[in-house]
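Participant: this is a predicted model, with the sequence first.
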Amino acid sequence: MNSSAPLQDGATAVIMHRVRGSAQTDYDEWLGEIGPVCQAAPGHLDWQIIRPVTGLTTSYTVVIRFDTPDNLRQWMNSPERKQLIEKVRPLLATDDDYTIHSGLDFLFTPKGEKTKVPVRWKQFLVTWSAIYPLSLAVPLAVVPAMRAAGLPGYRALTSLLVSGALVCLMIYVVMPHYTKLVRRWLFN
């Protein structure tokens with residue numbers, strides 16, 4: 001386990017599992033087994049899965065949030081989780097890899113570095129300044145794509161797809177580059 005930031009109000013675990021190419025269906029079934037167990041753990045708030053892009057990646061990213069760092073640690077070290085990790089181990093190309101962070105700190109700490117986390121108000125400004133233009137641009141791409149695909153324009157479906165694209169862009173494209181660009185200001 002890597003712990004790259006002191007934990008404060010709430011806690012997030014970002015779990016990376018690189019799944020063997022032929023085992024993705026079995027891994028999805030395993031997610032269906034571990035999901036309800038995790039969600040029943042004391043203090044569980046949220047569970048999100050970012051699935052691999054077919055033909056390009058084999059990595060799953062699972063983001064789980066708990067109300068307190070202690071509850072998150074309790075789940076991550078629980079006998080139930082350990083047993084389920086042992087069950088999935090043959091499907092993984094690499095070991096169970098995760099980091100624990102408070103809030104959205106993982107967006108501001110480069111992978112593998114043990115740097116200090118910027119103050120919250122700077123995190124807020126950087127995140128807001130990245131989300132605002134995306135929140136204007138992403139619907140301009142997603143809504144026409146939905147129409148072209150023949151999907152119904154239900155507000156809930158549109159919001160689901162727009163927010164999913166926005167989060168994906170923030171985590172994988174924008175924040176890794178943007179935080180490098182504003183690094184000097186962010187960490188001073």
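Facilitator: Cool, the structure landed. Just so it is clear, the structure is predicted and the values come from calculations on it, not from any experiment. Residues are numbered from 1 along each chain as shown.
Participant: okay but residue 185 is in contact with residue 122, surely?
Facilitator: Yes: taking contacts as CB atoms under 8 Å, residue 185 lies within contact range of residue 122: 7.5 Å. The way it works is simple: take the backbone N, C-alpha and C, and place the C-beta from them, glycine included.
Participant: residue 37 against residue 80, yeah?
Facilitator: Yes: Residue 37 is in contact with residue 80 according to CB under 8 Å; the separation is 5.4 Å.
Participant: list the buried residues of stretch 30-50.
Facilitator: Of all the residues in stretch 30-50, those buried under the rule 16 or more other CB atoms under 10 Å are 30-31, 34, 38, 41, 43-44, 50.
Participant: how many other residues sit next to residue 147?
Facilitator: Using other CB atoms under 10 Å, residue 147 has 11 neighbouring residues.
Participant: give me the more crowded residue out of residue 185 and residue 122.
Facilitator: Neighbours were tallied for residue 185 and for residue 122 using other CB under 10 Å; the higher tally belongs to residue 122 (16 against 11).
Participant: so what pLDDT did that one get?
Facilitator: On pLDDT, residue 122 comes in at 85.
Participant: roughly how far apart are it and residue 128?
Facilitator: 11 Å (CB to CB, to the nearest Å).
Participant: only the C-alpha atoms, please, for stretch 123-140, written as CSV.
Facilitator: Extracted C-alpha coordinates of stretch 123-140, given in CSV (Å, rounded to 0.1, in the frame of the first residue of the first chain):
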residue,chain,number,x,y,z
GLN,A,123,-7.0,22.6,-5.3
PHE,A,124,-10.4,24.2,-5.6
LEU,A,125,-9.2,26.9,-8.0
VAL,A,126,-7.3,24.6,-10.2
THR,A,127,-10.1,22.0,-10.3
TRP,A,128,-12.7,24.7,-11.0
SER,A,129,-10.7,26.3,-13.7
ALA,A,130,-10.3,22.9,-15.4
ILE,A,131,-13.9,21.8,-15.0
TYR,A,132,-15.5,25.1,-16.2
PRO,A,133,-14.3,24.9,-19.8
LEU,A,134,-14.9,21.2,-20.0
SER,A,135,-18.4,21.6,-18.7
LEU,A,136,-19.0,24.0,-21.6
ALA,A,137,-17.3,21.9,-24.3
VAL,A,138,-18.1,18.3,-23.4
PRO,A,139,-21.9,18.6,-24.0
LEU,A,140,-21.1,20.1,-27.4
